[in-house]
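>>> Turn this into a model:
(one chain, ligands or ions: 1)
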Amino acid sequence: MSDVSYRKARVEDFPEIFGLLRNSVDSLLREHGFFDSSPFASPKQPAIPQTFPWFEMGLKEDSDGFWVATVEGKIAGITLSWVRASLWYLAHLFVSPKYQGLDIGRNLMEKAMRHHKEAPITNRALVTFAYNPVSISLYARHGMYPREPMYYMECPSGQVKAGPANTKLKSERVTDFEENKTILSRIDQRTLGYPREKNHEFLFSLPTVRCHLYSTGSEPVGYAYVWQNGRIGPLATTSPTIFQDVLRSAFKLAAAEGASNVALLATGSNDKLVEVALEQKMRILDNWLLMSAKPFPNFSNYVIYPTGAML
Ligand SMILES: CC(C)(COP(=O)(O)OP(=O)(O)OC[C@H]1O[C@@H](n2cnc3c(N)ncnc32)[C@H](O)[C@@H]1OP(=O)(O)O)[C@@H](O)C(=O)NCCC(=O)NCCS
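Residues are numbered from 1 along each chain as shown. Below is the predicted model:
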């Protein structure tokens with residue numbers, strides 16, 4: 001398509017970008033028969049927000065990965081990638097249903113792929129809809145391959161059962177990012193292979209999520225973010241032996257938030273994670289796919305942030 005222009009995103013684009021994301025997701029869910037069951041269909045999502053902290057952070061930290069495509073002055077597609085050290089992550093790539101199949105997605109992808117900071121990129125990753133052959137093939141052609149089936153799962157908060165308690169594991173809610181950033185980055189380095197300080201700083205700035213730090217003795221061994229809406233993630237542990245204990249503790253904390261459901265994005269091959277999810281009688285409501293250029297070192301000690309926008 002010849003009359004498409006590409007430019008960096010701007011603050012005034014945020015409401016239009018948000019609307020495009022919702023329309024594009026709704027259209028995909030309808031096309032594949034998931035509209036009624038998926039919690040990501042717009043009728044089940046919160047109202048359009050007044051502020052867009054996630055996009056604001058994208059513009060501040062990763063403007064080289066934040067692009068829009070316009071046709072006759074209207075936004076027809078958007079992409080947002082973030083870079084932390086040598087890790088590149090595609091948070092969003094969406095084209096308005098009306099303009100799909102016209103190369104806009106590929107052009108936006110190519111702009112985002114050029115996004116890097118000081119360090120050369122050593123891994124690239126994203127989470128996409130497991131049932132969209134168009135996005136899956138587009139990413140595979142750019143060197144990212146299917147690694148993990150991901151299941152968005154939920155259970156009623158009232159049914160969350162207390163699991164066996166690990167008396168050696170201590171948890172505390174932490175609120176000071178500066179005091180805890182080194183510990184969080186060290187845990188990320190061991191689970192994902194990359195520090196993600198800016199992501200933690202962003203999460204600490206939100207009023208809707210709490211960070212809990214886990215330790216045995218005086219050694220920090222993991223963290224779990226628990227959301228007011230009952231979601232769990234990201235969660236990471238330095239060792240596989242305490243992963244289930246930290247996850248079970250996060251279930252209790254999430255159930256206590258007062259939302260009707262507890263939810264997470266379960267990595268299909270993580271038997272320890274799936275075992276706890278099934279013990280809590282969680283049900284699968286949507287299917288995603290993690291794609292990456294290379295596998296992550298200890299992904300089985302990790303629970304991804306539940307919507308795919310942030311690893
Ligand atoms: C995925 C998406 C961003 C792609 O953007 P787009 O502008 O429609 O895609 P393009 O026209 O640039 O390219 C689509 C490519 O997929 C190919 N394709 C289409 N159907 C396909 C199929 N069933 N299997 C394999 N490839 C397919 C096309 O041939 C084209 O490749 P080509 O350029 O080599 O011919 C867009 O369709 C979209 O927003 N979809 C809904 C939301 C979504 O899934 N976003 C990704 C979330 S992470």
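>>> so where's the stretch 1-150 of the chain uncertain?
Along the stretch 1-150 of the chain, the model assigns pLDDT under 70 to residues 1.
>>> Looking at it, which residue is nearest the ligand?
Closest to the ligand within the stretch 1-150 of the chain is residue 105: 1.9 Å, counting by C-beta to the nearest ligand atom. For glycine as for every other residue, the C-beta is placed from the backbone atoms N, C-alpha and C.
>>> Verify the stated contact: that residue with residue 96.
No: the criterion here is C-beta atoms under 8 Å, and residue 105 misses it with residue 96 at 10.6 Å.
>>> anything in contact with each of the two?
Counting by C-beta atoms under 8 Å, 6 or more residues apart in numbering, the common neighbours of residue 105 and residue 96 are residue 77.
>>> quick one on the thing from earlier: the residue of the stretch 1-150 of the chain closest to the ligand: what's it in contact with?
Shown in contact with residue 105 (C-beta under 8 Å, 6+ apart): 77, 93, 95, 134-135, 138.
>>> Please indicate which of the residues you listed are buried?
Buried by 16 or more other C-beta atoms under 10 Å: 77, 93, 95, 135, 138, out of the contacts of residue 105.
>>> could you pick out which of those are near the ligand?
The residues of the buried ones among the contacts of residue 105 that also fall near the ligand, by C-beta under 6 Å from any ligand atom, are 93, 95, 135, 138.
>>> Could you look up the SS state of the residue nearest to the first one when sequence neighbours are not counted?
Sequence neighbours aside, residue 79 is the residue nearest to residue 93 in space, at 4.7 Å (criterion: C-beta to C-beta, 6 or more residues apart in numbering). Per DSSP: H, G, I helix; E, B strand; the rest coil, the secondary structure class of residue 79 is strand.
>>> Let me see the contact set for residue 79.
Residues in contact with residue 79 (C-beta under 8 Å, 6+ apart) are 65-67, 90, 92-94, 108-109, 111-112.
>>> interface residues of the stretch 51-200 of the chain facing the ligand?
Counting by C-beta under 6 Å from any ligand atom, the stretch 51-200 of the chain comes close to the ligand at 93-95, 100-106, 126, 128-129, 132-135, 137-138.
>>> and if we set it to 8 Å?
77, 90, 92-97, 99-109, 126-129, 132-139, 141 (C-beta under 8 Å from any ligand atom).
>>> can you list the domains in the protein?
What automatic domain parsing lists as the domains of the chain is 4-121, 154-303.
>>> can you redo the ones you listed as CSV with distance to residue 309?
Formatted as CSV, those follow (distance: least, C-beta to C-beta, whole Å):
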stretch, distance to residue 309
domain 4-121, 5
domain 154-303, 10
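>>> one step back: specify the beta-bridge partners of the residue nearest to residue 93.
Beta-bridge pairing for residue 79 (DSSP bridges): residue 67, residue 93.
>>> you'd agree the residue of the stretch 1-150 of the chain closest to the ligand is in a strand?
No: looking at residue 105 with three-state DSSP, it is helix, so not inside a strand.
>>> Make CSV from the ones next to the ligand among the buried ones among the contacts of residue 105 and add secondary structure to it.
Listed next are these as CSV, based on three-state DSSP:
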residue, secondary structure
93, strand
95, strand
135, helix
138, helix
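>>> longest single helix anywhere in the protein?
The single longest helix within the chain, with elements called by DSSP state H, is helix 14-31.
>>> for it, which positions count as buried?
If you call a residue buried by 16+ other C-beta under 10 Å, then helix 14-31 has these buried ones: 14, 17-18, 20-22, 24-29.
>>> For stretch 240-260, buried residues please.
Buried residues in stretch 240-260, counted by 16+ other C-beta under 10 Å: 242-255, 257, 259.
>>> Pull the number of nearby residues for residue 64.
By the criterion of other C-beta atoms under 10 Å, residue 64 has 15 neighbours.
>>> In this structure it contacts residue 88, no?
No: counting by C-beta under 8 Å, residue 64 stays clear of residue 88, with 10.9 Å between them.
>>> where do the contact lists of those two overlap?
Common neighbours of residue 64 and residue 88, using C-beta under 8 Å, 6+ apart, are 115-116.
>>> circling back: what about the ligand: which of the buried residues of helix 14-31 touch it?
Near the ligand, judged by C-beta under 8 Å from any ligand atom, the entries from these are 24-25, 27-28.
>>> of all those, which two lie farthest apart?
Spanning the widest gap among those are 25 and 27, at 7.4 Å by C-beta to C-beta.
>>> Can you list the residue ranges for helices in the protein?
So, for the chain - with DSSP H - the helices run 14-31, 53-61, 104-113, 133-141, 177-191, 197-205, 243-255, 271-279.
>>> Sweet, I'm off.
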